[in-house]
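In: here you go, sequence then predicted model.
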Amino acid sequence: MVVTAMVGTGLVRRILVDTVADSNILFRNVFDAMGLKESDLNNHQHGVMGLGNNYIKLDGTISLPICLETGGARKSVMTDFVVLRDSTTYNIILGRKSINEFSAIICTKFLTMKFITDNGIVGSIRGDLETAVACESASLSLRKESKKAAGVFLVDLDARAEDNPRPEPEGDMEKFQIGKSADQFTFVNRNLPHELKGPLMEVVRANSDLFAWTPSDMPGLDPEVMSHRLAIKPDAKPVAQR
């Protein structure tokens with residue numbers, strides 16, 4: 001759902017309340033419009049993962065108060081945002097962590113979010129249906145253009161700014177074959193010194209038997225530990241299609 005709220009000292013519209021996102025995202029155009037400066041940002045070593053596992057480096061992080069108000073009652077919490085530069089129809093994406101801090105319950109059918117206000121009563125705000133539809137329509141266009149350009153679209157982001165960030169390869173990666181067939185390969189940093197890269201590749205090739213390329217390379221794996229099955233009805237008749 002899409003809502004309006006006070007963020008910092010300004011009223012911000014087109015805030016996407018996203019129960020799937022882990023973190024909160026503040027886009028750079030809003031950051032600049034709020035009069036914030038580069039010195040207000042905290043450095044952060046991790047980035048975010050986009051569609052196709054593309055790595056996007058963030059500008060930094062910032063803590064700002066965000067306030068939901070209803071009928072004179074309000075709820076304010078300090079929220080950590082990751083700041084990104086990109087084109088999107090939303091100004092802010094509000095993730096699960098902040099939703100939980102508001103003790104909020106969301107009903108998408110009625111576009112309503114209920115939360116506990118600072119004075120202990122239940123407050124309620126409604127999402128903007130017209131704005132949500134407009135943003136979704138614009139998002140479809142941006143998604144197509146973004147996939148063509150870089151394979152990344154911010155609505156698909158898995159923001160891993162905190163809590164067990166995903167490790168990422170460093171530098172330009174070079175593919176090299178380690179098995180008997182061309183599809184048995186891994187990667188090494190292209191810019192490693194020759195005296196380090198050569199021995200490293202030889203060690204990996206010498207231990208190629210430790211890599212599993214097919215299920216048959218992992219004999220003795222107990223199905224109770226890990227298994228894969230298709231949820232098909234036992235009485236379903238198999239159908240062959242061209």
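Out: Received the coordinates, thanks. Since this is a predicted model, take the numbers as computed values, not measurements.
In: could you report the neighbour count for Ile116?
Out: For Ile116, the count of nearby residues is 15 (other Cβ atoms under 10 Å). Using the backbone N, CA and C atoms, a C-beta is placed for each residue, glycine as well.
In: before we move on, what about Val225?
Out: Val225: 6 surrounding residues under other Cβ under 10 Å.
In: next: Asp22.
Out: Asp22: 16 neighbours (other Cβ under 10 Å).
In: report pLDDT for it.
Out: What the model reports as pLDDT for Asp22 is 78.
In: so it sits against Ser98, correct?
Out: No - the criterion here is Cβ atoms under 8 Å, and Asp22 misses it with Ser98 at 10.7 Å.
In: how is the protein partitioned into domains?
Out: Here the domain parsing of the chain from automatic domain parsing is 2-156, 173-210.
In: the ones you listed into CSV, with extra columns for distance to Gly220?
Out: Compiled in CSV, those are given as follows (distance: least, Cβ to Cβ, whole Å):
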stretch, distance to Gly220
domain 2-156, 31
domain 173-210, 15
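In: need the least confident one among the ones you listed, by mean pLDDT.
Out: Taking the mean pLDDT of the domains of the chain, domain 2-156 comes last: a mean of 77.
In: how far out from the middle of the chain is it?
Out: 12 Å (Cα atoms, centre = their mean, to the nearest Å).
In: check stretch 174-190 too.
Out: Computed by Cα atoms, centre = their mean, the separation of stretch 174-190 from the middle of its chain amounts to 29 Å.
In: tell me which element Thr131 is part of?
Out: helix 129-149 (DSSP states H and E).
In: which is the next helix or strand following that helix?
Out: Next along from helix 129-149, by DSSP H and E: strand 173-177.
In: all strands for the protein, in order.
Out: Assigned by DSSP state E, the chain shows strands spanning 2-7, 10-17, 24-27, 48-49, 55-56, 60-70, 73-84, 92-94, 105-107, 112-116, 122-126, 173-177, 185-189.
In: what's the third one in contact with?
Out: Where contact means Cβ atoms under 8 Å, 6 or more residues apart in numbering, the residues beyond strand 24-27 that reach it are 7, 62, 64, 79-86, 88, 90-95, 97-98, 154, 157, 159.
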